[in-house]
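[1] next come a sequence and a model predicted from it.
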Number of protein chains: 2
Amino acid sequence: MDHNQTTGAAGESYPSTRRIQRLSGHLSPSEHVHPSIPPQLRLQACARVNLEVDTEKLSVYMRGKHRELQDKVYEYFNSKPELQTPLEISKDDHRELCMRQLLGLVREGGIRPFRHVFDDPGKYFALLEAIGSVDMSLGIKMGVQYSLWGGSVINLGTKRHRDKYFDAIDSVEYPGCFAMTELHHGSNVQGLQTVAKFDPLTDEFVIDTPNDGAIKWWIGNAAVHGKFATVFARLILPTHDARGTTDMGVHAFIVPIRDMKTHQTLPGIEIQDCGHKIGLNGVDNGALRFCSVRIPRENLLNRFGDVSRDGKYTSSLPTINKRFAATLGELVGGRVGLAYSSVGVLKIAVTVAIRYSLLRQQFGPPKQPEVSILDYQSHQHKLMPMLASTYAFHFATLHLVEKYSEMKKTHDDQLVSDVHALSAGLKAYITSYTAKSLSACREACGGHGYAAVNRFGSLRNDHDIFQTFEGDNTVLLQQVAADLLKQYKEKFQGGTLAVTWNYLRESMNTYLSQPNPVTARWEGEDHLRDPKFQLDAFRYRTSRLLQSAAVRLKKHTKTLGSFGAWNRCLNHLLTLGETHIESVILAKFIEAVQRCPDPSTQAALKLVCDLYALERIWKDIGTYRNVDYMAPNKAKAIHKLTEYLSFLVRNVARELVDAFDLPDHVTRAPIAMKSDAYSHYTQYVGF
Amino acid sequence: MDHNQTTGAAGESYPSTRRIQRLSGHLSPSEHVHPSIPPQLRLQACARVNLEVDTEKLSVYMRGKHRELQDKVYEYFNSKPELQTPLEISKDDHRELCMRQLLGLVREGGIRPFRHVFDDPGKYFALLEAIGSVDMSLGIKMGVQYSLWGGSVINLGTKRHRDKYFDAIDSVEYPGCFAMTELHHGSNVQGLQTVAKFDPLTDEFVIDTPNDGAIKWWIGNAAVHGKFATVFARLILPTHDARGTTDMGVHAFIVPIRDMKTHQTLPGIEIQDCGHKIGLNGVDNGALRFCSVRIPRENLLNRFGDVSRDGKYTSSLPTINKRFAATLGELVGGRVGLAYSSVGVLKIAVTVAIRYSLLRQQFGPPKQPEVSILDYQSHQHKLMPMLASTYAFHFATLHLVEKYSEMKKTHDDQLVSDVHALSAGLKAYITSYTAKSLSACREACGGHGYAAVNRFGSLRNDHDIFQTFEGDNTVLLQQVAADLLKQYKEKFQGGTLAVTWNYLRESMNTYLSQPNPVTARWEGEDHLRDPKFQLDAFRYRTSRLLQSAAVRLKKHTKTLGSFGAWNRCLNHLLTLGETHIESVILAKFIEAVQRCPDPSTQAALKLVCDLYALERIWKDIGTYRNVDYMAPNKAKAIHKLTEYLSFLVRNVARELVDAFDLPDHVTRAPIAMKSDAYSHYTQYVGF
């Protein structure tokens, strides 16, 4: 491992005999031990080249509490070929099939996801992941029904709404929509323009679309199936002053949109079909325009604000902004679900890409058999850090689900704010990573990766929008940065930091001192694979970015105002948000390694965790070098070790993907079948 | 511009009054001049904030010689609504439509691309780009017919083939296939297993598929329309020794696959449909299995090797490897076409994304109107370097087409080798970049980017395979690296370098000396925007990578053999290939700026070129920092200037995309119409 592209000269750390031993180790990987690893680490810390991974043990450690529930979903669809989505299906047929899939699952398969939204979110997210792997359209259709439409009714409403709607939402008797986004406003929810004006004469709200920019757009379940919609609109109340009305800000209202019996669109409501999307065409997204649509006063979802018979507003929360925050705060579950499901998509893609890369042989030494393409350094470079990231994200999202479930039970304020930023950050970071990885996996599988049956196309097209809905990733990362800056200010005002950012207390002090010129040169493998070094490096970067962002924002605010200053620092703030999330992911991965009870499983996870950490550090090496946190020799050593760890992970790559425990009828790609993949593929096309 | 994320302290290069001037300049961009620019550059080198771009002049400079031909294609399809591909179409219908589009264009539209493959490749590639923008399936179908099937017959055959096939290929009376790839062999063409055994008794070749791995796979035009195929197979000749036969290596043969009248598959040939692909479903890819299929001896495409009536082999080329290289060398035109068309795809995507980002407003300063999302620093960071790269690639591929056309005329050996590496490198680099950018553009357009009608989905799905076919990008970049290493060796053996790599002669010497500690600290804008500094930096990096790769390969070859050594250095070699191509792209861009006759157009191009150069340098800043080629202050200055140039380019972004001169009926996305985009969009869904 002497990749000299940065210095040109050969590394001379090892005597030449050792070097040769290592070199030949690369060619016949199972026979040699990496000589630079101290003996005490060889058995213990997983660095042996001939590491053995017990897939079953690793799988048990990974798959969590809800695997049986997921298997029930897999089995249901496996037993119903007529409910499986074919490769070619028209938009309209796909929408009908998707509805049949949902009804089948709920009414025949005995899966009732709605209650889990409230009583056990972990179960709900596990269901969502499994259902999404059958057809992502179905996962999203289910999310619209239970998390968005159902969740808004229950979380933003009160007992009267629960009593009236819960059972019929649960059974899909009341299919519904979540009508927040408008043509002109997506991210800026406070800018929505639809109005709901209270009419005291009739005790009704009158819903109107004041201009075409306010048409509700992309509303799932609206084009075909929805009977109701939770409509977000500005609440307008009559006043007795000269203005005549007052705008109370965005509130949510239940609006019936189609007749329960005839399914005709109700008067005053115009619904158009948003048409074909890049993916998720099983979901019927529609656009809604309202013209004087009247709904009874009790259709206001009144948990955070209510209107009395005589048009008076009451709320337990003092300001429009606080009520708005509370309303949106109830919706973070969607982000948790997307982060979690995105890891599920990544697992399928990584499994297909790695199994095929082990199978596929191309070129080789002269007069010798061809080698697996996963034996190429370049292919390891493409896929092994991705495999490591998949493991990292797995543990991070499990942690997120735990925190979220705890929050739903305790409603602890600090936890609420913590989960808000963490779900925003993990959703943004993971879905962006998965989106890029799906393309990389396709490309890594060459021409056969381009066959629709091998999954990358539909996974990519369906998953793509994960980066946008439930919060645009660029906007969400800014929420993370904003939260960090808030924490940072509070620290300097003597307050306490939320648990997730607690590390900032310590590392901010480290940051204020100069980097240590001695440790900046340490390059031994034991040091580089020490979790303390890795975590310190991640956190150092975040702390520096945080401190410098605070300084820059303060300065620019004076001349540009807060909006201008924020925009001037925007790239910086996005990097800050990302690095913080990476720090959290690494911390959770390290904990998961340390918690693992079985030594050989722990060794495998440690190897994967080291690759995750060092590859990330190498990708940001310019930053570390610029402040001399790492000297050139250390940078080079990290690069070499990253390549070597990719090579080690490659040797257990099959076991690592097998541990995701995805049955062949879930991965489905012929080129990734556990045995006889090429035969499955030739049979598929008719030979 | 004081992005301190790497140092934390505020930059203090400018007096505070100037600073305020600059800061306010960002808010009202057209009123201020960037104060750090020396007066002599303000008018001359495009650095003025209120730069004015004359779209018409820029467009004339950009669009090249063949615009009229392209307009003829656009007009033909614009006048034929029944030939336009709808958003939803079944695979089978799409294939039929695609064939009708091709026949219409050729027989009714008066476009005859085939002759241009030989007499004026520039025209052919311009046609390919225009046709691909109508429907990429049609572009590829045309490429299969004329460049692959037709090109192989004419380039690998001799007069007898030209006389017999040219006219019928031209008129699509003989639709044909290019049957090279097999199930088990794509990149490794020399590993193909299909055999063509000469039978002297009947004066025929007998084509056989010896095992399922040798089934011809992904063969365009095979599933439905093809009458013939150029089949690549190992030529087996009888010998009079004990072995009985000898393998002469891979040769190309014309094999009729379907009956001219009945269209029935001919005896001994089994054709299956490869089925749905991620994109390009208008192209009918099939799989072919041969069982003792007999073809006359004259069906051998015998330009580089022939078999006589008595089974004797003759060739003007001495070895199997040389004949193989000559055969494949005739096929580089495909790569030129893909690189060129990929830029065409990128132009459409960038146009749609930028027009919409100017239109779309979201958030803004308190109590003020919302701002265009392209006013956000993060959005500029996403799209402005991409726009700069599009310009860079435009000039690079024009250069490639010129070199290719020259090569087809002169057959100069050095030019052949130069074009071979250049086409491989540009195809790999540009198609990878475009693939990533298509995803970034979709994401930059948020939810409305996910509407199928807005193009990103079909562009991405259709373009995706550009990274794989006509040579897997990872393999192609290795060819660039291998060529550089060959040139490097020849240099040290006193030989001459090919024109494109000529710079290596000079910069290799620079490389051997230590970086200059004085210039490593220079951070002035005039220095950073000096093309000499930029090109030196690019070339320095390539030279270092080349020299260190040569050293490492030599060392490892001793212990690992050449295959093992190559693999050990593979990531390094791929980076080498990429950086070399980047050097070529920058050099051609700088030349194009210098050649531009109109001063204000030149100024706009210079701005874009600077952004391209500096953003690339910043992305590789770790490498430069590691060898102290650039000091931390310079690294920081480059980062700041890159953000500032993105801001400047944003101010002329509309004009820069308008200069691509794509009519609305070519971009087609409602959200990117030149006026009233939102109305086009609401009308599209039915309002």
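    Arrived safely.
[2] tell me where chain A has strands.
    A:176-179, A:195-199, A:204-208, A:216-219, A:228-238, A:245-256, A:269-273, A:286-290, A:293-296, A:306-307, A:313-314 (DSSP state E).
[3] which residues of the stretch 251-400 of chain A lie near chain B?
    A:270, A:272-279, A:287, A:289, A:361-366, A:370, A:375-379, A:381 (Cβ under 8 Å from any Cβ of the partner chain). Heads up, the C-betas are built off the backbone N, CA and C, glycines and all.
[4] sitting in helices, which of those residues do you find?
    Per DSSP state H, helices hold the following members of these: A:377-379, A:381.
[5] wait, which of the residues you listed is closest to residue B:204?
    Checking these against residue B:204 with Cβ to Cβ, the nearest one is residue A:379 at 41.9 Å.
[6] burial measure for that closest one, as a count.
    Residue A:379 has 21 neighbours, counted by other Cβ atoms under 10 Å in any protein chain shown.
[7] contacting residues around it?
    A:357, A:373, A:444, B:474 (Cβ atoms under 8 Å, 6 or more residues apart in numbering or on different chains).
[8] go on, residue A:156?
    Contacts of residue A:156 (Cβ under 8 Å, 6+ apart): A:230, A:252, A:301, A:303-304, A:327, A:330.
[9] which one is residue A:156 nearest to, not counting chain neighbours?
    The spatial neighbour of residue A:156 that comes closest, neighbours along the chain excluded (Cβ to Cβ, 6 or more residues apart in numbering or on different chains), is residue A:301 at 3.8 Å.
[10] tell me the spacing between that neighbour and residue A:155.
    Noted for residue A:301: a distance of 8 Å to residue A:155, by Cβ to Cβ, to the nearest Å.
[11] between those two, which is the more surrounded one?
    Using other Cβ under 10 Å, the more surrounded residue of residue A:301 and residue A:155 is residue A:301, with 25 against 22.
[12] thought the residue nearest to residue A:156 was touching residue A:235?
    No - using Cβ atoms under 8 Å, residue A:301 and residue A:235 do not qualify as a contacting pair, with a distance of 10.9 Å.
[13] mutual contacts of these two, please.
    residue A:251.
[14] returning to that earlier point: just name the most buried of the strands of chain A.
    strand A:176-179 (a mean of 30; mean count of other Cβ atoms under 10 Å in any protein chain shown).
[15] and that one, what's its mean pLDDT?
    On average, the pLDDT along strand A:176-179 is 98.
[16] kindly report the same for stretch A:678-685.
    For stretch A:678-685, mean pLDDT rounds to 96.
[17] can you read off the pLDDT for residue A:51?
    At residue A:51, the pLDDT value in this model is 86.
[18] thinking it is in contact with residue A:604, fair?
    Yes - Residue A:51 is within contact range of residue A:604, at 6.3 Å (criterion: Cβ under 8 Å).
[19] give me the more crowded residue out of those two.
    residue A:604 (29 against 18).
[20] which residue ranges of the stretch 401-550 of chain A form helices?
    A:413-444, A:456-463, A:473-492, A:503-512, A:525-528, A:531-568 (DSSP state H, counting those that start in this stretch).
[21] reformat these as JSON lines; add mean pLDDT.
    Below are those laid out as JSON lines (pLDDT from 0 to 100):
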{"stretch": "helix A:413-444", "mean pLDDT": "96"}
{"stretch": "helix A:456-463", "mean pLDDT": "98"}
{"stretch": "helix A:473-492", "mean pLDDT": "92"}
{"stretch": "helix A:503-512", "mean pLDDT": "70"}
{"stretch": "helix A:525-528", "mean pLDDT": "97"}
{"stretch": "helix A:531-568", "mean pLDDT": "95"}
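[22] residue B:420 is nearest to which of those helices?
    helix A:413-444 (22.6 Å).
[23] what packs against that closest one?
    Contacts defined by 3 or more Cβ pairs under 8 Å, 6 or more residues apart in numbering or on different chains; DSSP states H and E place helix A:413-444 against helix A:332-359, helix A:377-410, helix A:456-463, helix A:473-492, helix A:570-595, helix B:413-444.
[24] can you lay out those helices as TSV showing distance to residue A:112?
    Output for these, formatted as TSV (distance: least, Cβ to Cβ, whole Å):
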stretch	distance to residue A:112
helix A:332-359	17
helix A:377-410	18
helix A:456-463	24
helix A:473-492	30
helix A:570-595	31
helix B:413-444	35
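[25] mind checking these for the one nearest to residue A:176?
    Among the helices and strands packed on helix A:413-444, helix A:332-359 comes nearest to residue A:176, with 14.8 Å by Cβ to Cβ.
[26] same question for the closest one, mean pLDDT?
    In the prediction, helix A:332-359 has an average pLDDT of 97.
[27] stretch A:207-221 too?
    98.
[28] and stretch A:271-289, by the same measure?
    pLDDT averaged over stretch A:271-289 gives 98.
[29] chain center to it, what's the gap?
    With Cα atoms, centre = their mean, to the nearest Å as the basis, stretch A:271-289 stands 23 Å off its chain's centre.
[30] ends of that stretch, how far apart?
    7 Å (Cα to Cα, to the nearest Å).
[31] can I get the strands of chain A in TSV including distance to residue B:294?
    Formatted as TSV, the strands of chain A follow (distance: least, Cβ to Cβ, whole Å):
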stretch	distance to residue B:294
strand A:176-179	65
strand A:195-199	79
strand A:204-208	76
strand A:216-219	59
strand A:228-238	68
strand A:245-256	73
strand A:269-273	56
strand A:286-290	60
strand A:293-296	75
strand A:306-307	87
strand A:313-314	89
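[32] and stretch A:60-79, which residues are buried?
    Neighbour counts using 16 or more other Cβ atoms under 10 Å in any protein chain shown place A:61-63, A:66, A:69-74, A:76-77 of stretch A:60-79 among the buried residues.
[33] those residues in helices, which ones?
    Per DSSP H, these map to helices at A:61-63, A:69-74, A:76-77.
[34] I'd say residue A:204 and residue A:297 touch.
    Yes - assessed by Cβ under 8 Å, residue A:204 is found in contact with residue A:297 at 6.4 Å.
[35] what is in contact with the two at once?
    Here residue A:204 and residue A:297 share the contacting residues residue A:198, scored by Cβ under 8 Å, 6+ apart.
[36] what does the stretch 451-600 of chain A have sitting close to chain B?
    Residues of the stretch 451-600 of chain A found near chain B (Cβ under 8 Å from any Cβ) are A:451-453, A:456-457, A:460-461, A:464-465, A:467-469, A:472-474, A:544-545, A:547-549, A:551-552, A:555-556, A:559-561, A:563-564, A:567-572, A:574-576.
[37] which of the residues you listed count as buried?
    A:451-453, A:456-457, A:460-461, A:464-465, A:467-469, A:472-474, A:544-545, A:547-549, A:552, A:555-556, A:559-560, A:563-564, A:567-572, A:574-576.
[38] roughly how far apart are the residue nearest to residue A:115 when sequence neighbours are not counted and residue A:546?
    Leaving aside its sequence neighbours, residue A:115 sits nearest to residue A:170 (Cβ to Cβ, 6+ apart; 7.0 Å). Per Cβ to Cβ, residue A:170 is found 44 Å from residue A:546.
[39] who has more neighbours out of those two?
    Using other Cβ under 10 Å as the criterion, residue A:170 and residue A:546 rank with residue A:546 on top: 25 against 18.
[40] what sits against the more buried one?
    By Cβ under 8 Å, 6+ apart, the neighbours of residue A:546 are A:484-485, A:488, A:504, A:508, A:576, A:580.
[41] can you name the residues that contact the spatially closest residue to residue A:419 that is not a sequence neighbour?
    Excluding the flanking residues, the one nearest residue A:419 by Cβ to Cβ, 6+ apart is residue A:407, at 4.8 Å. By Cβ under 8 Å, 6+ apart, the residues touching residue A:407 are A:415-416, A:418-419.
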